[in-house]
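> Sequence plus predicted model, see below.
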Amino acid sequence: MALWITDECINCDVCEPECPNEAISMGPEIYQIDPHKCTECVGHFDEPQCVQLCPVNCIPVHPEFVETKEQLQAKYERLTGPAPQPSLGIMTT
């Protein structure tokens, strides 16, 4: 489920810098969210940061981009690349 900024947005500039996927940008009149980059912060945080910080509560789920948590996790992995492999702690000399 990608999120969506409605026309109730007051351009307060709070959401854009908080988006870990850089999915939020200024549109022609208000901020907008790129649904192909939005993971609702899955992979980064427990809750969408933009929703948590929005002072006018204008960021609902986008009705045209409904995705499961698994789909959001897969999108996160595509955007960020493979997860680093844990070190086995083996040192060679």
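Structure's in. What do you need?

> any chance you could map the strands in this protein?
24-26, 31-33 (DSSP state E).

> CSV for these, including mean pLDDT and mean neighbour count?
In this view, the C-beta of every residue, glycine as well, is placed from N, C-alpha and C. Formatted as CSV, these follow (pLDDT from 0 to 100; neighbours: other CB atoms under 10 Å):
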stretch, mean pLDDT, mean neighbour count
strand 24-26, 97, 15
strand 31-33, 97, 21
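
> I'd like those strands as a markdown table, with distance to residue 48 appended.
What follows is the strands of the chain, written out as a markdown table (distance: least, CB to CB, whole Å):
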| stretch | distance to residue 48 |
| --- | --- |
| strand 24-26 | 11 |
| strand 31-33 | 10 |
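
> Between those, which one is closest to residue 62.
Ranking the strands of the chain by their distance to residue 62 (criterion: CB to CB) puts strand 31-33 first, at 7.4 Å.

> Against which helices or strands is that closest one packed?
strand 24-26 (3 or more CB pairs under 8 Å, 6 or more residues apart in numbering; DSSP states H and E).

> Packing partners of the strand it packs on?
Looks like strand 24-26 contacts strand 31-33 (3+ CB pairs under 8 Å, 6+ apart).

> Give the pairing partners of the strand it packs on; include direction for each.
strand 24-26 (antiparallel) (DSSP bridges).

> and residue 16, how many neighbours does it have?
Residue 16 has 16 neighbouring residues, counting by other CB atoms under 10 Å.

> next one: residue 44
Other residues close to residue 44 by other CB under 10 Å number 14.

> Please report phi then psi for it.
phi -120, psi -50 (degrees, to the nearest 10).

> any weak-confidence spans in this protein?
1, 82-93 (pLDDT under 70).

> check contacts around the closest residue to residue 7 other than its chain neighbours.
Leaving aside its sequence neighbours, residue 7 sits nearest to residue 30 (CB to CB, 6 or more residues apart in numbering; 6.4 Å). Contacts for residue 30 (CB atoms under 8 Å, 6 or more residues apart in numbering) come out as 5, 7, 9, 11.

> Quick check: chain neighbours aside, which residue is closest to the first one?
For residue 5, ignoring the flanking residues on the chain, the nearest one in space by CB to CB, 6+ apart is residue 31 at 5.0 Å.
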